[in-house]
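In: return atomic coordinates for the entry below.
(2 chains)
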Amino acid sequence: MSANKVDRLVKMINQISLNMRSNGSEDLVVSQVSEHLEKFWSPAMKDLISEQEDNNVGLTPISQKAVIQLAAMRRAK
Amino acid sequence: MLEFYEPQPDFGTPQSDSETMVTLSIDGVQVTVPEGSSVMRAASESGIKIPRLCATDSLKSFGSCRICLVEIEGRRGFPASCTTTVEAGMQVNTQSDEIGKLRRDVMELYISDHPLDCLTCPTNGDCELQDTAGEVGLRAVRYGFEGDNHLIAEKDESNPYFTFDASKCIVCSRCVRACEETQGTFALTIDGRGFESKVSVGPADNFMESDCVSCGACVDACPTATLTEKSIIGAGKPEHSVVTTCAYCGVGCSFKAEMKGNEVVRMTPYKDGKANEGHACVKGRFAFGYATHKDRITKPMIRESIEDPWKEVSWDEAVNYTAKRFKDIQARHGRTSIGAISSSRCTNEEVYLVQKMVRTGFGNNNIDTCARVCHSPTGFGLKTTLGESAGTQTFASVAKADVIIVMGANPTEAHPVFGSRLKRRLREGAKLIVIDPRQIELVNAPHIRADFHLPVRPGTNVTVLNALAHVIITEGMQAEEYIAERCETDDFDAWTQFISEERHSPESTEQYSGVPADDLRAAARLYAQGGNGAIFYGLGVTEHSQGSTSVMAIANLAMLTGNIGREGVGVNPLRGQNNVQGACDMGSFPHELPGYRHISSKVTRNLFEGEWGVTLDPEPGLRIPNMFDAAIDGDFKGLYCQGEDIAQSDPNTQHVEAALTAMECLVVQDIFLNETAKFAHVFLPGASFLEKDGTFTNAERRISRVRKTMPPLSGKADWEGTMALANALGCNFEYDHPSEIMDEIARLTPTFTGVSYKKLDDLGSIQWPCNDYTPAGTPVMHVDEFVRGKGFFAITEYIASEERANRKFPLLLTTGRILSQYNVGAQTRRTKNSEWHEEDTLEIHPHDAEERGINHGDWVGIQSRVGETVLHADVTSRVKPGVIYTTFHHPVSGANVITTDNSDWATNCPEFKVTAVQVSKVTAPSRWQARQQTFNTQQQQLLAKARH
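Out: Below is the predicted model of the structure:
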């Protein structure tokens, strides 16, 4: 696994979270961020970031929760 | 629609739009026309031609030539039919002995000062003066030619595309009025009085040095050979014509390609074209010579590596070679290791085929389009708020706008024909608010002055849009009934709370945006209370890290003021390339099938799977930036790139070059060996828009026909090239004509179900949605309700870009276009348009220049966090202190060597408009430029080996 790859994805998710942060409650924002990733990211990107759900890779708290939610969605598929 | 050459019909004076009808008698024939029509127009509409010289139906009547005299019962004298309006019961005679004599006498005076060289004149057989002399029966000139005359007047040949031969001028003022009324440039005037009267280019010595923008409206309007296209002087009168659609900007002008055999000799803007209504710009009208330029590559070529010479091969060999390499890559690296980029310069049918080939032949969704780097935030933002990824209006709708906001767009340069419409409305009294870091032409042009110019600091658009909304809400100017009836009220309440916060007030946001609070408040009041409010925006809105947020904030403003759903209002993205709208409509994004339907929808997939006979991947594919990253990571190895020059147009050039170099098989389909093709292993020769059938969809959602005027130079139109490649990959594409592809699109896409080539031929053009509910198309969207049902007010939090100025990089670079060049310049650089713009320069404010010891014309180095390039300095106050500006039309300029990987949070549209830089005086090109020159030379040599 490339650290660069993960860093890039982390940067993107944090940017998405930051831009959605005022959309409502934290739960709402978390679910909007994870839905955004599910809707627009390729499976390889989603799988790679989902693997990081328990790791400290620089995700903001909301991003981290969104990744956990995304990973759960992917497992449920 | 091939037809023998005939000049377009001319009714003499403009059509009246009155709904009240008036009946009169002309030469004993009962004629009913709209109130306000001229007698000349009424006669023309009933098939009676009144001779004329100074009148043409694109211009207001003028009444100077005295040829169109008529008799009206009960009136004294002989009124001019062009300036006399119809009245009920009026009895008009257009022919009598007395009228005939008067007309001949006037004509005789004109001809007494006109060269009698009709047989060798370039407009022989296509000259209104000649025709009119014939119509009035002039047989002799009694005055002789010995007296004072203008026959030896000097010819102005400075313009590369047309000549001005003053000896043939009859001073009818049609050219002057066309420059004013049609184009809105006011470059021409009549100097002197009486016999000394002459058409003049103002204080300049010639056309090239004047304010003339070379739109050609004057040439079109000229009734003599005074203003004539050089192509006509060289080739003679066309013998047939084909109606087609321009392949430059997103206005999508309709043209008659006027031909001699397979050679285009003139492009004449088509009067029935609804996007342009007979007007054009210097690109569409004149810059078509690239299509037959010597640089055209017309044979497929292959090579093992980019160090190898190209080898010319047959189409079969090229597509089989590609298919083999792509399959090999997929076998070794997986199904998702290849992808494609489709082009907004290609037709809807071609774009559709590329995404179909990716989804069925590649077996993945790795398809993206160049809209990724321009208007992808428009798609996201308008779909989220309004429910449809498209502009809401027709261009003509601007004629009913009272207050116009132009934001991050420069219509007079980048969308010139729409710019002229806009200027006309502004001259009629509409108010204008310009939101742009630069002083674009509209801020202060002849007879136009913006009521407000809000010079926003690059990267802070959202603060300005939020502040406008804040003022409207806090001062109670919102359209309450409209919002209550048409928008989601809970979301509106939440948004109201958000936007009312003091931090969004103009006084608070001024520190970020640099826009004076008082100006912003006044602009908000004007937009909210000034009547019909229309917003037009461009890439200065979308190409930011908050491009999508800005688009949603624009939609919020329009809903807030009730300015969506009727003529004269709306949210109007000005699309950069000719078919950006169409490319997006046709399923070019990796997450969407045609018609903006998400790939995860089983119902939608089933529909396409049924038609295509394959199982589709339900997951989104890679976006263009993802493809580059994956290529550098070693996961993405093959790319089919049609009609797009990503090595020049995409940001952070060195990153793009690294990605292209990392690929095992790069296939480029283009008409020239563009910058991207220099990294390619397979070159498939493209076809220009003159060589194929299809459709383009412009920024108004208007689908217009592209019609083949000549056979493809390579033997295949682009759709045929894609079809050959798809079939080599194992697909079973069987189309004999692009109309069959459109039929398939219509079968699969709810907004296109009513579209067919037959209907396009019948109606001329169609604005989608076109289906059972709207069989003739939809000029204005969201009339009774929004496509999504209720309009959604999105929360638009301002997040500062990561790309910030600091001590090391104190200036902000923003980029844009110039009138004479188009995008990466692949087309326009290969025309005489380069005489206006031979190189890209760097605009820098005098204050910033002085601080750095930079003089106008100096070589300056521009360093950003990712790269460096060198340009000549243009010291100008068009940019404000702290902001610099350049264009990206020439590869050697390396404008995108300095732009960064930052992108829009929602769509990854690059942040072209904000790059922190330092500028300093230098004496040599940058290292990248030196490398680029060496690489270019090497690649040209490898190409030359294939061609000899």
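
In: tell me which parts of chain A are close to chain B?
Out: Counting by CB under 8 Å from any CB of the partner chain, the residues of chain A close to chain B are A:2, A:4-5, A:8, A:12, A:15-16, A:18-19, A:21-24, A:36, A:39-45. C-beta coordinates here come from the backbone N, C-alpha and C atoms, glycine included.

In: tell me how many other residues crowd the closest residue in space to residue B:849 that isn't next to it in sequence.
Out: Spatial nearest neighbour of residue B:849, chain neighbours left out: residue B:875 (4.5 Å); criterion: CB to CB, 6 or more residues apart in numbering or on different chains. Each residue near residue B:875 was counted by other CB atoms under 10 Å in any protein chain shown, and the total is 20.

In: residue B:754 touches residue B:774, doesn't it?
Out: Yes - taking contact to mean CB atoms under 8 Å, the distance of 7.4 Å between residue B:754 and residue B:774 places them in contact.

In: where does the stretch 51-200 of chain B dip in pLDDT?
Out: Judged against pLDDT under 70, the stretch 51-200 of chain B has no low-scoring part.

In: wait, chain A
Out: The low-confidence ranges in chain A, as defined by pLDDT under 70, are A:1-3.

In: remind me, longest helix of chain A?
Out: With DSSP state H setting the assignment, residue counts place helix A:3-20 as the longest helix in chain A.

In: other SSEs contacting the helix or strand following that one?
Out: Reading on from helix A:3-20 to the C-terminus, the next helix or strand found by DSSP states H and E is helix A:26-40. In terms of contacts (3 or more CB pairs under 8 Å, 6 or more residues apart in numbering or on different chains; DSSP states H and E), helix A:26-40 is packed against helix A:3-20, helix A:43-50, helix A:61-76.

In: report the inter-axis angle for the second one versus helix A:26-40.
Out: Helix A:43-50 runs at 150 degrees relative to helix A:26-40, counting by axes from the mean of the first three to the mean of the last three CA atoms, to 10 degrees.

In: isn't residue B:478 up against residue B:561?
Out: Yes - under the criterion of CB under 8 Å, residue B:478 makes contact with residue B:561 at 6.9 Å.

In: for residue B:780, helix, strand, or coil?
Out: Using DSSP: H, G, I helix; E, B strand; the rest coil, the three-state assignment for residue B:780 comes out as coil.

In: how far away is it from residue B:138?
Out: In this view, residue B:780 and residue B:138 are 50 Å apart by CB to CB, to the nearest Å.

In: for residue B:161, same thing?
Out: When distances are taken as CB to CB, residue B:161 and residue B:138 turn out to be 32 Å apart.

In: so which of the two has more stuff around it?
Out: In this view residue B:161 and residue B:138 are compared by other CB under 10 Å, and residue B:161 has more residues nearby, 20 against 17.

In: please name the nearest non-neighbouring residue to that one.
Out: Closest to residue B:161 by CB to CB, 6+ apart is residue B:286, at 4.2 Å.

In: now do residue B:198 against chain A, distance only.
Out: As for residue B:198, its distance to chain A is 60 Å (criterion: CB to the nearest CB, to the nearest Å).

In: over to residue B:876?
Out: Here the criterion is CB to the nearest CB. By it, residue B:876 lies 34 Å from chain A.

In: what's the local residue count around that residue?
Out: Other residues within reach of residue B:876, judged by other CB under 10 Å, total 17.

In: mind giving me the domain ranges of chain B?
Out: The record's domain split for chain B, according to automatic domain parsing, is B:10-136, B:155-292, B:301-374+B:580-591+B:608-732, B:376-573, B:811-937.
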